[in-house]
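# Sequence and predicted structure below; questions after.
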Amino acid sequence: MNEPVIVEIASDQTHEKVVAEIIVDGKFVCVLSNDHDELIVEFPGPGLDESLVARTVSLESLLRGVEIAKARLRV
């Protein structure tokens with residue numbers, strides 16, 4: 001699949017440093033953070049509006065998003 005991938009850098013009160021939100025095909029997939037000098041991936045839990053969340057994406061799209069996020073977070 002060749003879904004469009006967007007990475008947005010955001011500030012979040014639960015993190016010391018900025019985070020990267022990965023969005024695939026217009027839906028939220030995960031957040032990458034580097035708070036403890038290692039890259040952490042956080043997937044959304046239950047309770048979110050399911051129309052805004054992608055629970056399954058292609059591995060290619062996820063890896064593309066992670067690579068973009070790493071570059072933008074300078075990891």
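Looks like it arrived, so ask away.
# which SSE is F28 in?
strand 27-33 (DSSP states H and E).
# tell me the contacts of the residue nearest the centre of the chain?
For the chain, the residue nearest the mean C-alpha position is I22 (2.9 Å; CA atoms, centre = their mean). I22 makes contacts with 5-7, 28-32, 62, 65-66, 68-69, as judged by CB atoms under 8 Å, 6 or more residues apart in numbering. Using the backbone N, CA and C atoms, a C-beta is placed for each residue, glycine as well.
# did I read that right, it in a strand?
Yes - if the criterion is DSSP: H, G, I helix; E, B strand; the rest coil, then I22 is within a strand.
# Could you look up the SS state of the closest residue to it other than its chain neighbours?
Closest residue in space to I22, ignoring its immediate chain neighbours: G65 at 3.8 Å, by CB to CB, 6 or more residues apart in numbering. Classification of G65 by three-state DSSP places it in helix.
# now the strands for the chain?
Per DSSP state E, the chain carries strands over the ranges 5-10, 19-24, 27-33, 40-42.
# I'd like those laid out as JSON lines, including distance to L73 and mean pLDDT.
Below are the strands of the chain laid out as JSON lines (distance: least, CB to CB, whole Å; pLDDT from 0 to 100):
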{"stretch": "strand 5-10", "distance to L73": "7", "mean pLDDT": "96"}
{"stretch": "strand 19-24", "distance to L73": "5", "mean pLDDT": "97"}
{"stretch": "strand 27-33", "distance to L73": "7", "mean pLDDT": "96"}
{"stretch": "strand 40-42", "distance to L73": "11", "mean pLDDT": "93"}
